[in-house]
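# whatever this is, show me its structure:
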Amino acid sequence: MRDEEKKSVTKLKFRRLLGKKWVFPAIYLSVAALVLAGVLWYQQRGEEVDFADDPNVNDEVITEDPFGDEDAVPVMEQSEELTMPVAEQENSTIVTKFYDYDASEEDQENALVLYDNKYYQSTGVDITKNDEKFDVTAALSGTVTEVKEDPLYGNVVQIDHGQEVTTVYASLDEVQTEAGAEVKQGDVLGTSGRNIFGQASGVHVHFEVRKDGEALNPESFFGKPFSELEKQNTEKTKDSDAANEEGLAEGEDATNEEENQDVSDEEIGELEPGAEEEAPGEGDEETGVEEEPGMNEDAESSISMTQT
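Numbering: from 1, shown residues only. Prediction:
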């Protein structure tokens, strides 16, 4: 009798359990999870068997260098951006600009350097920091190609960055690098100082950017990737080639004109009295442009100066 009562109680509990709303969804989810797990296990096992039986699969591990004995050539990251050659750019000021013929009249005036009572066009920028000494750093990674003392510009450091791009750091007081050294962007090259040519700038660093030996405006490339310098050079080369082709065409036309002319020296005659050739130097006096100050070979400056 007691067994029957226990069975009836168990059936009653089971019916109550089935009567709850969450029971059947839970059962369905459990069955679906088991089925999905079985399918995934079967597929994975089938792929492992196929891969093991594939005769085209080579289990051999290749350890040889595919490039042979060729040495790897380190290349500067093209994404490296040109930075100002100062350790901390706060309170840094450009007091002398690069002389750009397309710049405003005010910027051109700020790009003139007075030396020996004559004005010269600046081929770089002078950077100061409240007339105090500061660390001068490499604007780009590269190789130091020259460290020298210039009579006008003070200590000068030149760095080669590849692709015919170089940077020049002048007016250094102390130099903390040497020729042949590999430097990374931001490495300290020395400290700022004074020089004879840029006395008006006080304690500063004179910074130049050159491509194929031609000075470029550093301010135009600050914050831009290294590839922009190559792009600038490509455009200049195309313009130069076009100008050369135009000059050749004009030369051919001039040659043809000379061939068509049949005038003898006797018909030309002598120059009229008083038609003398212009004396050397008269053109310079009219335009107000004077010759660049001469230097002996021992004191010749390594940085070019263009006088106006």
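# show me where the stretch 1-150 of the chain has its strands.
Across the stretch 1-150 of the chain, reading from the start of the chain, the strands by DSSP state E, counting those that start in this stretch fall at 93-96, 112-115, 118-121, 125-128, 135-137, 142-150.
# figure out which of those is closest to Glu208.
Comparison of the strands of the stretch 1-150 of the chain against Glu208 by CB to CB identifies strand 125-128 as nearest, at 8.0 Å. Backbone N, C-alpha and C define where each C-beta goes, glycine included.
# hang on, the earlier thing: and the strands of the stretch 1-150 of the chain as CSV, adding mean neighbour count and mean pLDDT?
Listed next are those as CSV, based on neighbours: other CB atoms under 10 Å; pLDDT from 0 to 100:
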stretch, mean neighbour count, mean pLDDT
strand 93-96, 16, 95
strand 112-115, 16, 94
strand 118-121, 17, 95
strand 125-128, 24, 97
strand 135-137, 23, 96
strand 142-150, 16, 96
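# want to throw those strands into a markdown table with distance to Gln43?
Putting these into a markdown table (distance: least, CB to CB, whole Å) gives the following:
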| stretch | distance to Gln43 |
| --- | --- |
| strand 93-96 | 67 |
| strand 112-115 | 78 |
| strand 118-121 | 75 |
| strand 125-128 | 66 |
| strand 135-137 | 59 |
| strand 142-150 | 55 |
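# give me the contacts around stretch 207-216.
82, 84-85, 98, 123-127, 139, 164-170, 217-218, 221, 229, 232-233, 236, 303-304 (CB atoms under 8 Å, 6 or more residues apart in numbering).
# restricted to buried residues, select these in ChimeraX.
For selection in ChimeraX, the members of those meeting the burial criterion (16 or more other CB atoms under 10 Å) are listed in this command:
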select :82,84,85,98,123,124,125,126,127,139,165,166,167,168,169,170,217,218,221,229,232,233,303
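# continuing past the lengthiest strand in the chain, what's the next helix or strand?
Longest strand of the chain, by residue count under DSSP state E: strand 165-175. In the C-terminal direction, the helix or strand that comes right after strand 165-175 (DSSP states H and E) is strand 182-183.
# in its sheet, what does that next one sit against?
When pairs are called by DSSP bridges, strand 182-183 turns out to pair with strand 142-150 (antiparallel).
# wait, a helix at Ile196?
No: secondary structure assignment (DSSP: H, G, I helix; E, B strand; the rest coil) places Ile196 in coil, not in a helix.
# contacting residues for it?
For Ile196, the contacting residues are Tyr115, Pro151, Leu152, Tyr153, Gly154, taking CB under 8 Å, 6+ apart as the criterion.
# also Val136?
Remark: with contacts taken as CB under 8 Å, 6+ apart, Val136 is in contact with Pro85, Val86, Ala87, Tyr169, Leu172, Val188, Leu189, Gly190, Thr191, Ser192, Val205.
# same deal with Ala138?
Going by CB under 8 Å, 6+ apart, Ala138 touches Pro85, Ile159, Thr167, Val183, Lys184, Gln185, Gly186, Asp187, Leu189.
# what about it, distance to Ile94?
Going from Ala138 to Ile94 by CB to CB, to the nearest Å gives 18 Å.
# circling back to that earlier point, Ser8 is nearest to which of the strands of the stretch 1-150 of the chain?
Comparing the strands of the stretch 1-150 of the chain by CB to CB, strand 135-137 comes nearest, at 91.9 Å.
# how about Tyr119: what's its closest non-neighbour residue?
In space, and not counting its chain neighbours, Tyr119 is closest to Leu112: 4.6 Å by CB to CB, 6 or more residues apart in numbering.
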